[in-house]
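> predicted model follows, preceded by the sequence.
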Amino acid sequence: MKKRLFSGIQPSGDVHIGNYLGAIKNWVRLIERYDCFFCIVDYHAITIEYNPEEMQRRILNAAAVNIAAGLDPNQCIIFVQSHVPEHTELAWILNSVTPMGHLERMTQFKDKSKQHRENINAGLFTYPVLQAADIMLYKGEAVPVGEDQVQHIELAREIARKFNQRYGETFPDPVELLSEAPRIMGLDGKTKMSKSLGNYISLVETPESIGKKLATAVTDENRKRRADPGNPDICNLFTLHKHFSQKEQIERVNTECRTAGIGCVECKKILSENVIAVLNPIREKYESLIRDQGYLSDLLRSCAKKCKAIAENTMADVRKKMGLT
Ligand code: AQP
């Protein structure tokens with residue numbers, strides 16, 4: 001029997017190349033090895049301000065982008081969190097075995113509290129408990145995520161162990177799986193590439209827009225003039241070259257940047273062409289998928305049905321062990 005894999009993405013904005021390199025590309029790679037569950041986590045996305053009228057469009061967009069990026073719905077389950085209410089039921093239960101002190105240590109909560117000072121709600125605080133419930137409901141063992149989520153998966157592991165200690169062996173240890181690009185920085189070169197910070201290239205960005213965004217992206221700030229030698233090791237765009245460009249191009253940029261043989265303008269032009277070549281087929285597939293909203297909605301509903309059967313089983317076992325039936 002294949003092990004279960006669970007991961008999620010928030011419908012909180014445009015899916016970007018950070019999400020792709022840090023998570024989605026890895027999901028596609030792992031699809032044959034695991035029994036895969038990919039979740040559009042709308043209950044997580046409501047912990048920050050959003051427009052309810054936009055939510056359904058964002059959910060369908062997230063589904064279409066992920067399928068276009070390579071998640072084959074015949075090989076995995078793609079579903080919406082709120083279609084399976086057991087996620088929130090298990091989260092409530094897990095709240096009762098999660099120490100407050102552990103939640104207080106979560107860096108994402110600290111960062112998001114600074115970013116959304118006017119809306120520091122309890123959902124933002126207990127976000128990792130819902131995330132643990134998402135994984136544990138399906139007895140997920142492999143959780144491919146970006147580096148920003150590792151602390152949450154470590155906590156999910158602790159929560160699973162605490163539940164098992166108190167009520168008997170129920171959940172396996174969830175373990176994080178990192179990609180080769182666990183943390184992609186934004187085009188400002190300073191902050192993590194994030195949907196909410198607007199410092200990204202979306203997975204369905206047009207070629208013109210990719211060119212424009214990369215042309216103004218921050219490189220090695222010590223390289224002030226064309227004749228100055230640069231340092232690719234601290235240049236964010238060199239990191240992107242490593243993930244989008246050909247081997248010979250990466251070697252050329254790496255050597256010639258250091259001797260000022262290649263300038264940032266040319267370096268960005270090569271990168272743009274390569275990013276466009278990778279993203280064009282994704283955008284084209286996305287555009288055809290998003291036109292068929294009926295297909296997307298039916299797919300999400302039928303996947304949720306399969307999830308619900310598993311979730312009901314888990315919850316029956318959990319309630320029994322806890323003396324709730
Ligand atoms: N910059 C990144 N580099 C590598 N991986 C990343 N991930 C996110 N940003 C990067 C990974 O993508 C998966 C889905 O992320 P998410 O939708 O759950 O939300 P997030 O981590 O909060 O991503 P954002 O884009 O930064 O959203 P906002 O702005 O809403 O906070 C996860 O596996 C994540 O690790």
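Received it, and whenever you're ready, just let me know what you need.

> I'd like the distance between the residue nearest to residue 325 when sequence neighbours are not counted and the ligand.
Setting aside the residues directly before and after it, residue 325 is nearest to residue 319 in space (Cβ to Cβ, 6 or more residues apart in numbering), at 4.8 Å. Placement of C-beta: from N, CA and C, glycine included. Distance of residue 319 to the ligand, given as Cβ to the nearest ligand atom, to the nearest Å: 29 Å.

> cool, and residue 19?
4 Å.

> can you list contacts of stretch 69-86?
8, 15, 20, 24-25, 27-28, 31-32, 36-44, 59, 63, 66-67, 87, 134, 137, 203, 282, 299-301, 303-304, 306-308, 311-312, 314-315 (Cβ atoms under 8 Å, 6 or more residues apart in numbering).

> and the closest residue to the ligand within the stretch 101-250 of the chain, what does it touch?
Here the residue of the stretch 101-250 of the chain nearest the ligand is residue 146; by Cβ to the nearest ligand atom that distance is 2.4 Å. Going by Cβ under 8 Å, 6+ apart, residue 146 touches 18, 19, 22, 23, 178, 179, 182, 183, 184.

> what's near enough to touch the residue nearest to it when sequence neighbours are not counted?
Closest residue in space to residue 146, ignoring its immediate chain neighbours: residue 22 at 3.3 Å, by Cβ to Cβ, 6+ apart. Contacts of residue 22 were listed using Cβ under 8 Å, 6+ apart, and they are 145, 146, 147, 179, 181, 182, 183, 184.

> residue of the stretch 1-150 of the chain with the smallest distance to the ligand?
residue 22 (1.9 Å).

> and the furthest pair within the contacts of residue 22?
Farthest pair in the contacts of residue 22 (Cβ to Cβ) is 145 and 184. Separation: 13.1 Å.

> the two: who's more crowded?
Higher neighbour count among residue 145 and residue 184: residue 184, with 24 against 21, using other Cβ atoms under 10 Å.

> what about the residue nearest to that one when sequence neighbours are not counted, which helix or strand?
Spatially, and ignoring its direct neighbours in sequence, residue 184 is nearest to residue 18 (3.9 Å; Cβ to Cβ, 6+ apart). Assessed by DSSP states H and E, residue 18 sits inside helix 17-19.

> name the residues that touch that helix?
Residues contacting helix 17-19 (Cβ under 8 Å, 6+ apart): 9, 146, 184, 186, 192-195, 200-203, 240, 275, 279.

> and the stretch 151-300 of the chain, which residues reach the ligand?
Those residues of the stretch 151-300 of the chain that sit near the ligand, judged by Cβ under 6 Å from any ligand atom, are 182, 183, 184, 192, 193, 194, 195, 196.

> so which of those sit within strands?
Among those, none falls in strands (DSSP state E).

> for ChimeraX, write a command that selects the buried ones of those.
Typed into ChimeraX, the next command selects the buried ones out of those (criterion: 16 or more other Cβ atoms under 10 Å):
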select :182,183,184,192,193,194,195
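
> can I have the buried ones of the contacts of stretch 69-86 as a ChimeraX selection?
Filtering the contacts of stretch 69-86 down to the buried ones (16+ other Cβ under 10 Å) takes a single ChimeraX command:
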select :8,15,20,24,25,27,28,31,36,37,38,39,40,41,42,43,44,59,63,66,67,87,134,137,203,282,299,300,303,304,307,311,314,315
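
> among the contacts of stretch 69-86, which are in strands?
8, 36, 37, 38, 39, 40.

> now tabulate those in JSON lines and tack on pLDDT and distance to the ligand.
Formatted as JSON lines, the ones in strands among the contacts of stretch 69-86 follow (pLDDT from 0 to 100; distance: Cβ to the nearest ligand atom, whole Å):
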{"residue": "8", "pLDDT": "98", "distance to the ligand": "6"}
{"residue": "36", "pLDDT": "98", "distance to the ligand": "14"}
{"residue": "37", "pLDDT": "98", "distance to the ligand": "14"}
{"residue": "38", "pLDDT": "98", "distance to the ligand": "10"}
{"residue": "39", "pLDDT": "98", "distance to the ligand": "10"}
{"residue": "40", "pLDDT": "98", "distance to the ligand": "9"}
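
> before we move on, the earlier item: so how far is residue 259 from the residue nearest to residue 184?
From residue 18 across to residue 259, the span is 30 Å (Cβ to Cβ, to the nearest Å).

> now do residue 322
66 Å.

> neighbour count: the two, which is higher?
residue 322 (15 against 9).

> before we move on, back to that, chain center to the helix holding residue 18, what's the gap?
The chain centre lies 7 Å from the centre of helix 17-19; the measure is Cα atoms, centre = their mean, to the nearest Å.

> and for stretch 299-308, what's in contact with it?
37, 40, 59, 63, 73, 77-80, 83-84, 86, 138.

> pLDDT on that stretch, on average?
Averaged over stretch 299-308, pLDDT sits at 98.

> what of stretch 101-116?
96.

> that one: which residues count as buried?
By neighbour count on 16+ other Cβ under 10 Å, the buried set for stretch 101-116 is 102, 103, 106, 109, 112.

> is it correct that the third one is in contact with residue 152?
Looking back up the chat, that one is residue 106. Yes. With contacts counted by Cβ atoms under 8 Å, residue 106 reaches residue 152, the gap being 6.9 Å.
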